[in-house]
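Asker: need a structure here:
(one chain, ligands or ions: 1)
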Amino acid sequence: MNFPTNYKDIIERVENISPKRYCKNRNFIDGDVTYLSPYISRGVISTKLIYDNCIKKGYDLSEIEKFVQELAWRDYWQLLWLENDINIDLKRLQPDINNNEISLNITKAQSGIEIIDQVINGLYETGYIHNHIRMYIASICCNISKSNWRNPAKWMYYYLLDGDLASNSLSWQWVAGANSNKKYYANQENINKYTYSNQRNTFLDHSYEKITDMSIPNELEKRILFDEKTILPKSDNLIINPNIQTCIYNYYNLDPLWRASNKANRILILEPSIYEKYPISKKCMDFMLELSKNIENIQIFAGEYKELTKLIINNNIYFKEHPLNSHYTGKKESRDWLTNVKGNYTSFFKYWNKAKKELKKSI
Ligand SMILES: Cc1cc2nc3c(=O)[nH]c(=O)nc-3n(C[C@H](O)[C@H](O)[C@H](O)COP(=O)(O)OP(=O)(O)OC[C@H]3O[C@@H](n4cnc5c(N)ncnc54)[C@H](O)[C@@H]3O)c2cc1C
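Answerer: Coordinates of the predicted model:
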């Protein structure tokens, strides 16, 4: 799978999705998934834009409900991020932890589960993993290898083009039983079914009773602390016109249509403190920089927000609301959401029932 960065190609990808087929086959490795998450996560397009496009094409909500629900999951995790510290175990402490690292053979794509190893190599090449395989990998790391979810989640976030701290942390927590009432397990039979493989005699080729109760397999015993860093590019020599507004872009907002009709200084900020805490790979960095080229006259600033504001004399600064921007000063504008339902819902379905009502009314 490749991920074009030109806005026209991205919109073409939105136009070509198959949401009806998606509802039937999304869990299979060759299912009709959209490959849109890198663009949603980087704030190029929104879940609302995708949903509106489906309705414009004449789909009825009832025939694509499973698809719209997945878009809603994305917004739901974002809403939880607004109200909670997603670095802390959300519902309960992750049970049955043995270590705070990640199995070396996962990072080397040598777990011995062939399809998992193929997909991990694919992650390094493409920056993408299918949702079901993300769940398998997280389960192997947290529930079979008994690692605390944080270091494996940091490893995956580093490589994913769609890296999104809310979807990532809260999904890892869900699999690990920290954001759910039970841990998620998949055995080899399940993996074989959804990936069309027929591997046998692996450490997962057992009944659920056995794998939920076994000690850490030899293949996963060696561990490392994943601790890669971000390589930031150099800043441009900024040219800031004091007579016009300044629009701030970042890893989570690369929307080329935002304030596009206004004359503005447009600055992509890369704050070392953010990338120190949440590192990303060179591939993810390059992807962001390529996506930013859809924004006219964008300039790059690698430094902290406070330093940037010293260079902007008129203080006429606009930015999009986001949990990582709470220290920004200026005029905060809303992100696009699928619906207006907001708040700290304790279960997805409580949120979804309200969201669905609103979506039905608006058709
Ligand atoms: C361990 C783990 C880590 C994850 N980390 C991330 C992450 O860093 N960034 C990220 O965007 N998603 C993450 N997800 C959620 C999900 O796997 C991806 O959003 C999805 O696979 C993206 O591929 P797609 O665009 O082809 O999705 P599709 O299946 O085509 O879905 C369409 C859109 O719906 C949303 N969506 C679909 N499934 C989910 C889901 N389970 N949770 C939340 N939103 C969903 C996404 O925005 C996606 O682009 C993670 C899931 C797991 C289990």
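
Asker: part of a strand, is Y318?
Answerer: Yes. Assignment of Y318 by DSSP: H, G, I helix; E, B strand; the rest coil places it within a strand.

Asker: so it touches I244, yeah?
Answerer: No. The pair Y318 / I244 is not scored as a contact, 11.1 Å apart, by C-beta atoms under 8 Å. The way it works is simple: take the backbone N, C-alpha and C, and place the C-beta from them, glycine included.

Asker: Now for those two: what residues contact both?
Answerer: Shared contacts of Y318 and I244 (C-beta atoms under 8 Å, 6 or more residues apart in numbering): A264.

Asker: Need the single longest strand in the chain, by residues.
Answerer: strand 264-270 (DSSP state E).

Asker: State the mean pLDDT of that strand.
Answerer: What strand 264-270 shows for mean pLDDT is 98.

Asker: burial of the closest residue in space to I317 that isn't next to it in sequence, as a residue count?
Answerer: The shortest distance from I317 to any non-neighbouring residue, by C-beta to C-beta, 6 or more residues apart in numbering, is to G330 (3.2 Å). Using other C-beta atoms under 10 Å, G330 has 18 neighbouring residues.

Asker: G330 and the ligand, how far apart?
Answerer: Separation of G330 from the ligand (C-beta to the nearest ligand atom, to the nearest Å): 27 Å.

Asker: can you pull the contacts of that residue?
Answerer: So G330 contacts T246, I248, T309, N315, N316, I317, Y318, F319 (C-beta under 8 Å, 6+ apart).

Asker: Go again with 10 Å.
Answerer: Q245, T246, C247, I248, Y305, T309, I312, N315, N316, I317, Y318, F319 (C-beta atoms under 10 Å, 6 or more residues apart in numbering).

Asker: same check, this time on I211
Answerer: Contacts of I211 by C-beta under 10 Å, 6+ apart are S139, N143, I144, Y185, A186, N187, Q188, F203, L204, D205, P217.

Asker: Setting the sequence-adjacent residues aside, check what's closest to the last one.
Answerer: Okay, so that is P217. F203 (3.7 Å).

Asker: neighbours around that neighbour, how many?
Answerer: By other C-beta under 10 Å, neighbour count at F203 equals 20.

Asker: That one contacts I113, correct?
Answerer: Yes. When contacts are counted by C-beta atoms under 10 Å, F203 is listed as touching I113 (7.9 Å).

Asker: Let's verify V119: helix, strand, or coil?
Answerer: V119 - assigned by three-state DSSP - is helix.

Asker: Quickly note the distance from it to T47.
Answerer: V119 sits at a distance of 25 Å from T47 (criterion: C-beta to C-beta, to the nearest Å).

Asker: List the neighbours of stretch 81-91 that are in contact with it.
Answerer: The contact list for stretch 81-91 (C-beta under 10 Å, 6+ apart) reads 77, 80, 95, 148-150, 153, 164-170, 172-174, 176-181, 277-278, 321-324, 342-346.

Asker: returning to that earlier point: of Y318 and I244, which one has the most company?
Answerer: Applying other C-beta under 10 Å to Y318 and I244 shows that Y318 carries more neighbours, namely 17 against 13.

Asker: who's that one bridged to?
Answerer: Here Y318 sits in beta bridges with C247, K331, going by DSSP bridges.

Asker: Overlap in contacts, F203 and I113.
Answerer: Here F203 and I113 share the contacting residues I140, Q188, E219, scored by C-beta under 10 Å, 6+ apart.

Asker: Which members of these are classed as buried?
Answerer: The neighbour-count test (16 or more other C-beta atoms under 10 Å) marks I140, Q188, E219 as buried among the shared contacts of F203 and I113.

Asker: pretty sure the last one is in a strand, no?
Answerer: It stands for E219. No. Assessed with three-state DSSP, E219 is helix; it does not lie in a strand.

Asker: what does the stretch 101-250 of the chain have sitting close to the ligand?
Answerer: Residues of the stretch 101-250 of the chain found near the ligand (C-beta under 6 Å from any ligand atom) are 131, 134-135, 138, 156-157, 160, 162-164, 167-168, 171-172, 175.

Asker: Looking at the residues you listed, which are in helices?
Answerer: Among those, the ones falling in helices (DSSP state H) are N131, R134, M135, A138, M156, Y157, S167, N168, S171, W172, V175.

Asker: Pick the one among these closest to Y59.
Answerer: N131 (21.1 Å; C-beta to C-beta).

Asker: Distance-wise, check that closest one relative to N27.
Answerer: To N27, N131 is 8 Å away according to C-beta to C-beta.

Asker: got it, and Y184?
Answerer: Y184 sits 13 Å away from N27, going by C-beta to C-beta.

Asker: of the two, who's got more company?
Answerer: Y184 (16 against 13).

Asker: which one is the more buried one nearest to, not counting chain neighbours?
Answerer: Of all residues not flanking Y184 in the chain, V175 sits nearest, at 4.5 Å (C-beta to C-beta, 6+ apart).

Asker: quick one: contacts for that neighbour?
Answerer: Counting by C-beta under 10 Å, 6+ apart, V175 touches 94, 134-143, 149, 152-153, 183-186.
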